[in-house]
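Visitor: model the structure of this input:
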Amino acid sequence: MTNAPRILVHTSDPAPMLERLAEAAPGIEARGHDGYDGLDVVLDDFRPDIVYSVAFHGRTDYPREALLGAHGPRWIAVGGAGVDHLTPWDAQAVTVSNAAGVAAPMIAEYVFGSVLHFTLDIDGMATDRTARHWDSTRLMTPLQGKTLLIVGLGHTGQAVAARAKAFGLNVIGTRARPKPTENVDEVHPADALPDLWGKADIVVLSVPLVSGTRGLVNARSLVAMKPDAILVDVSRGGVLDGAALVNTMRTGHLRGAALDVFETEPLPGDHPLWGLDRVILSPHCSAVWEGWAMRSFELFLDNLGHWRRGEPLFNVVDPERGY
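Guide: Residues are numbered from 1 along each chain as shown. Okay, here's the model as predicted:
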């Protein structure tokens with residue numbers, strides 16, 4: 001393993017990261033590429049040992065074949081948490097790491113912002129304001145004592161659980177390998193979900209998209225939830241069946257749903273979700289804040305130190321598990 005690897009920074013704006021890399025690791029040969037097109041040519045010419053990459057133009061046209069091809073690197077450091085745009089890969093040929101945990105606090109804030117939107121009936125108050133209507137019978141819905149189900153107790157799920165306790169929520173959750181988890185009252189295996197949907201007042205989806213989670217939340221799951229449950233999806237598009245959600249909510253089932261991820265992104269303009277009441281739609285931005293990109297790159301630089309010292313990398317993704 002070379003002490004001075006060649007590094008390609010593949011983002012929409014690689015210049016700040018190349019500058020930071022030069023400061024943190026002087027002497028390393030590095031280049032940037034700010035598009036999906038032409039990546040194969042850059043890889044062929046530069047032959048990097050490491051590629052730091054962000055899916056900045058979505059996942060549909062992401063140049064996976066180029067990165068995993070003959071001229072691809074030995075290590076792909078993904079600047080986000082999800083790696084479904086790379087799956088599958090040969091772990092013997094290339095190591096893939098991610099930036100899991102970097103955005104967890106921000107996503108947790110998105111979750112509770114969405115939940116409070118519904119429990120405080122922000123839409124209803126906005127409607128009353130427009131109509132200049134003073135509703136003296138309006139009631140708030142407290143979170144204290146309610147049950148929160150977190151599907152996927154990874155970095156994000158645990159960040160949500162920590163904040164849930166401040167609201168006095170009872171927290172239950174699922175993990176692929178169940179074990180006691182801080183701030184979680186009950187930890188269950190994923191196959192227990194059919195028995196858990198109906199216990200939750202709030203359901204948060206925070207699992208990666210892998211074969212076992214694709215279509216995990218379907219029509220049957222949605223109907224099994226409480227009629228006034230709140231659903232928040234910060235996982236990956238494909239975990240939740242969007243058509244099933246539309247059909248379920250049109251019957252009046254569920255108090256509300258906040259969706260940050262979709263099966264097709266950008267969400268098509270003619271998708272029925274746009275016209276659905278009691279829904280928050282956001283453009284896959286729950287993990288995005290000013291400075292997030294450099295925070296993720298700093299995590300990569302920490303990991304690069306491990307690489308150069310011949311130490312094990314952290315946040316290495318198992319291609320079979322997807323995280």
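Visitor: helices along the stretch 151-300 of the chain, start to end?
Guide: 155-166, 193-196, 219-224, 242-250, 292-308 (DSSP state H, counting those that start in this stretch).
Visitor: what does the pLDDT read for the one residue sitting closest to the centre of the chain?
Guide: In the chain, the residue lying closest to the centroid (Cα atoms, centre = their mean) is residue 235, at 4.7 Å. Residue 235 is assigned 96 on the pLDDT scale.
Visitor: residues touching it, list them.
Guide: 151-152, 205-209, 213, 261 (Cβ atoms under 8 Å, 6 or more residues apart in numbering). Backbone N, C-alpha and C define where each C-beta goes, glycine included.
Visitor: likewise residue 25?
Guide: Residue 25 neighbours (Cβ under 8 Å, 6+ apart): 301, 304, 308.
Visitor: next, format these as a markdown table and append pLDDT.
Guide: Listed next are those as a markdown table, based on pLDDT from 0 to 100:
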| residue | pLDDT |
| --- | --- |
| 301 | 98 |
| 304 | 97 |
| 308 | 95 |
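Visitor: need the CA coordinates for stretch 186-194. CSV is fine.
Guide: This file holds the C-alpha atoms of stretch 186-194, laid out as CSV (Å, rounded to 0.1, in the frame of the first residue of the first chain):
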residue,chain,number,x,y,z
GLU,A,186,-36.8,-2.4,23.0
VAL,A,187,-34.6,-3.7,20.2
HIS,A,188,-36.0,-6.3,17.9
PRO,A,189,-34.9,-8.1,14.8
ALA,A,190,-36.2,-6.9,11.4
ASP,A,191,-38.5,-9.9,11.0
ALA,A,192,-40.5,-8.7,14.1
LEU,A,193,-41.8,-5.6,12.2
PRO,A,194,-45.2,-7.1,11.4
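Visitor: pull the number of nearby residues for the residue nearest to residue 141 when sequence neighbours are not counted.
Guide: Spatial nearest neighbour of residue 141, chain neighbours left out: residue 119 (4.1 Å); criterion: Cβ to Cβ, 6 or more residues apart in numbering. Residues lying near residue 119 (other Cβ atoms under 10 Å) number 20.
Visitor: still on that earlier bit, so what's the closest residue to the residue nearest to the centre of the chain other than its chain neighbours bridging to?
Guide: In space, and not counting its chain neighbours, residue 235 is closest to residue 205: 4.3 Å by Cβ to Cβ, 6+ apart. Counting by DSSP bridges, residue 205 is bridged to residue 151, residue 233.
Visitor: what residues are up against residue 205?
Guide: 151-152, 216-217, 231-235, 239-240.
Visitor: how about 6 Å then?
Guide: 151, 233, 235, 239 (Cβ atoms under 6 Å, 6 or more residues apart in numbering).
Visitor: how close does the last one get to residue 9?
Guide: Okay, so that is residue 239. Applying Cβ to Cβ, to the nearest Å, the value for residue 239 to residue 9 is 30 Å.
Visitor: so those two - more neighbours on which side?
Guide: A direct count of neighbours by other Cβ under 10 Å for residue 239 and residue 9 places residue 9 higher, at 27 against 23.
Visitor: partner residues bridging the more buried one?
Guide: residue 32, residue 52.
Visitor: is it true that it touches residue 33?
Guide: No: counting by Cβ atoms under 6 Å, residue 9 stays clear of residue 33, with 7.5 Å between them.
Visitor: average pLDDT across the host helix or strand of residue 148?
Guide: Per DSSP states H and E: residue 148 is located in strand 147-151. Averaged across strand 147-151, the pLDDT comes to 99.
Visitor: and for stretch 5-16?
Guide: 97.
Visitor: follow-up on the earlier one: for the strand holding residue 148, packing partners?
Guide: For strand 147-151, the packing partners by 3 or more Cβ pairs under 6 Å, 6 or more residues apart in numbering; DSSP states H and E come out as helix 155-166, strand 170-175, strand 202-205.
Visitor: from the contact counts, what lies against the second one?
Guide: Secondary-structure packing of strand 170-175 (3+ Cβ pairs under 6 Å, 6+ apart): strand 147-151, strand 186-189.
Visitor: re the thing from before, so what's the predicted local confidence for the residue nearest to residue 235?
Guide: At residue 205, pLDDT is 98.
Visitor: low-confidence bits of the protein, can you list those?
Guide: For the chain, applying pLDDT under 70 flags the ranges 1-2.
Visitor: any chance you could map the helices in the stretch 1-150 of the chain?
Guide: For the stretch 1-150 of the chain, the helices defined by DSSP H, counting those that start in this stretch occupy 15-24, 39-46, 64-67, 104-119, 122-131.
Visitor: for residue 283, find the nearest of those.
Guide: For those, proximity to residue 283 was assessed by Cβ to Cβ; helix 104-119 is nearest, at 12.2 Å.
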